[in-house]
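Chemist: what follows is a predicted structure for the sequence shown.
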Amino acid sequence: MKNTSFFTMMLAVFCLQTAFAQDVTSKNMASIRKAYDALNRRDWATFADQCAPEYTDVNVGPAPAVGIEAALELYKQFAMGFPDFKIQINEIAAINPTRYLLRVTVTGTNTGAFGMLPATGKSIHFDDSDVVEFNNNGKCISHSITNAGEPLRQIGYGSMLNPNTGAVIALYEKFGKGDVPGILAMCSDDVVFNIEDRVFDDHSRMFKGKAQVGQFFQELGSKFQYSKFQPVRFIADGDDVVILVDVEYKHIPSGKIYTSSYTHRFKLKNGQVVLFRGIDDFQMMK
């Protein structure tokens, strides 16, 4: 009788644990569906309600977005680039009560600017596998995807997946902020800038080393005031990155307004710029 009672007790405990796990799984799956539906409706507050403050999106952006606010900012940028994006959940499977695997289909059209990237008008449509994790309080703490670079590939910006392209974009962002020390920190000590711009100077100029490159930016600031600086095409192969840039600027000494296109060629080594060559197209005075 004692053995029978013990067996009955253990069976009851097992059944209770199973029922509890099933209940947790059911609640977490419902939370997942609610969160994805909120993303599709751009209901950021409802999405945040499903997440813990330390929620991390592991690989949707170029670096993990740590914290719910950082993740929401990332999602809002994606929504600006793809105003009609939608994530359809095809299947959810529980790996364990706190970890879930999703099969999803992502669609959308790139009709808005995506970071520094102008809209291409191209559509995306791809299947993905997402992994979502929860804490013991039923709040989502992390999200990761499989095809992290697929949206960029499908709209024609696959070169952005090259880490050297990312470094150049970071350099452009520093340029936009006037952060010359930040730019120089991204250059090697023996960096070379070769400038071929007929408004900047009527002959080709070479700047060697960080000190001279710093002088170049000082001279550039005294001559050009940009109202537009828009990278429009990215080509990357290993350490070489070529970017086409549309610009509009005021030539400060003459007061004239110009529009032009530039070809920027960067060569990087170990993440640092070792060579830059800037070539102007024929400038048009407005």
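Modeler: Good, I have the coordinates. Numbers count the residues shown, from 1 in each chain.

Chemist: what residues does the residue sitting nearest the centre point of the chain make contact with?
Modeler: With distances taken as C-alpha atoms, centre = their mean, Gly61 lies nearest the centre of the chain, 3.8 Å away. Taking C-beta atoms under 8 Å, 6 or more residues apart in numbering as the criterion, Gly61 is in contact with Leu74. Just so you know, the C-beta spots here come from the backbone N, C-alpha and C atoms, and that holds for glycine as well.

Chemist: tell me the secondary structure at it.
Modeler: Secondary structure state of Gly61, per DSSP: H, G, I helix; E, B strand; the rest coil, is coil.

Chemist: report the separation between it and Phe114.
Modeler: Per C-beta to C-beta, to the nearest Å, Gly61 is found 12 Å from Phe114.

Chemist: what of Asp127?
Modeler: For Asp127, the distance to Phe114 equals 21 Å [C-beta to C-beta].

Chemist: of the two, who's got more company?
Modeler: A direct count of neighbours by other C-beta atoms under 10 Å for Asp127 and Phe114 places Phe114 higher, at 20 against 13.

Chemist: ramachandran angles for Asn28?
Modeler: Dihedral pair for Asn28: phi -70, psi -40, per degrees, to the nearest 10.

Chemist: ok, the residue nearest to the centre of the chain to Tyr55 distance?
Modeler: Taking C-beta to C-beta as the measure, Gly61 falls 14 Å from Tyr55.

Chemist: and Trp44, by the same measure?
Modeler: Note on Trp44: its distance to Tyr55, by C-beta to C-beta, is 12 Å.

Chemist: what's the answer for Val191, then?
Modeler: In this structure, Val191 and Tyr55 are 40 Å apart, going by C-beta to C-beta.

Chemist: so where is the stretch 51-200 of the chain shaky, pLDDT-wise?
Modeler: Nowhere does the stretch 51-200 of the chain drop to pLDDT under 70.

Chemist: all strands of it, in order?
Modeler: With DSSP state E, counting those that start in this stretch as the criterion, the stretch 51-200 of the chain has strands at 51-57, 65-66, 86-96, 99-109, 123-134, 140-145, 187-196.

Chemist: the more surrounded of Val191 and Tyr55?
Modeler: Comparing Val191 with Tyr55 by neighbour count (other C-beta under 10 Å), the higher total belongs to Tyr55, at 24 against 21.

Chemist: so that one touches Ile68, yeah?
Modeler: Yes - look at Tyr55 against Ile68 with C-beta atoms under 8 Å: they come within range, at 4.6 Å.
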